[in-house]
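Chemist: Would you be able to build a 3D model of this:
(one chain, ligands or ions: 1)
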Amino acid sequence: MRVAVYPGSFDPVTNGHIDILEKISRIFDKIIVAVVHNVSKQALFTLDERVELIRESTKHLDNIEVECFSGLLANYLHSKDACAIIRGLRTVADFEYEMHMGMINKRLIPEVDTIFIMADSRNIFVSSSIIKEAALLGGDVSELVPEIVKLKLEAKRREME
Ligand code: COA
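Modeler: Below you'll find the predicted structure:
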């Protein structure tokens, strides 16, 4: 069974992430979306909320599992018997960081390759931070995130008022 891991903060999941998942779900037997607590980022949603939002938004895909992980990605990949790490590339600005991360992961776990998937042109400018900022200031993000994420962002906005 070909298992791929798609790691990231997903705070929150966006249509850009869903587009990548739809593409890779056709290539691999199983995709594990691994939600990470990134210490350098201030999160809006808890890890459990993020997992739940991804599960709700990927119900139409039958080979996706979602879980949290902490620690070294290479160890996690080993424990899941994964053959690939999936990362989305939007613009050339993503490339250098992704290349370095891909290289270190290759050193740490040589049997796993990083596979880059090109983001759809509609999502080139989409990032979780930009969506959080727009939504919390009252902007309409309905075309950029799944409906459930839009509703949760509206609820967070009301909590903060
Ligand atoms: N559509 C929309 N947005 C996208 C996207 C796409 N296709 N691809 C990336 N992004 C955005 C994300 O929303 C995120 O936006 P944000 O910065 O506003 O939150 C940003 O691009 C990239 O973040 P993300 O994909 O969540 O990755 P990350 O940089 O937060 O985390 C990990 C990267 C989790 C893979 C990495 O930190 C990791 O492996 N951590 C484990 C520890 C470890 O093993 N470290 C050593 C390995 S180098």
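Chemist: so which residue of this protein comes closest to the ligand?
Modeler: residue 16 (2.0 Å; Cβ to the nearest ligand atom). No exception for glycine: its C-beta is placed from N, CA and C like everyone else's.
Chemist: and that residue, how many residues sit next to it?
Modeler: If you count neighbours by other Cβ atoms under 10 Å, residue 16 ends up with 22.
Chemist: Surely it is within a helix?
Modeler: Yes: the assignment for residue 16 by DSSP: H, G, I helix; E, B strand; the rest coil puts it in a helix.
Chemist: quick one, what contacts it?
Modeler: Shown in contact with residue 16 (Cβ atoms under 8 Å, 6 or more residues apart in numbering): 88, 90, 119-120, 123, 126-127, 144.
Chemist: and the chain, which of its residues are near the ligand?
Modeler: Within the chain, the positions lying close to the ligand (Cβ under 6 Å from any ligand atom) are 7-9, 11, 14, 16-17, 20, 36, 38, 41, 72-73, 88, 90, 101, 104-105, 119, 123, 126-129.
Chemist: Got a ChimeraX select line for the buried ones in those?
Modeler: Filtering these down to the buried ones (16 or more other Cβ atoms under 10 Å) takes a single ChimeraX command:
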select :7,8,9,11,14,16,17,20,36,73,88,90,105,119,123,126,128
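Chemist: among the residues of the chain next to the ligand, which are in strands?
Modeler: Counting by DSSP state E, these place 7-8, 36, 88 in strands.
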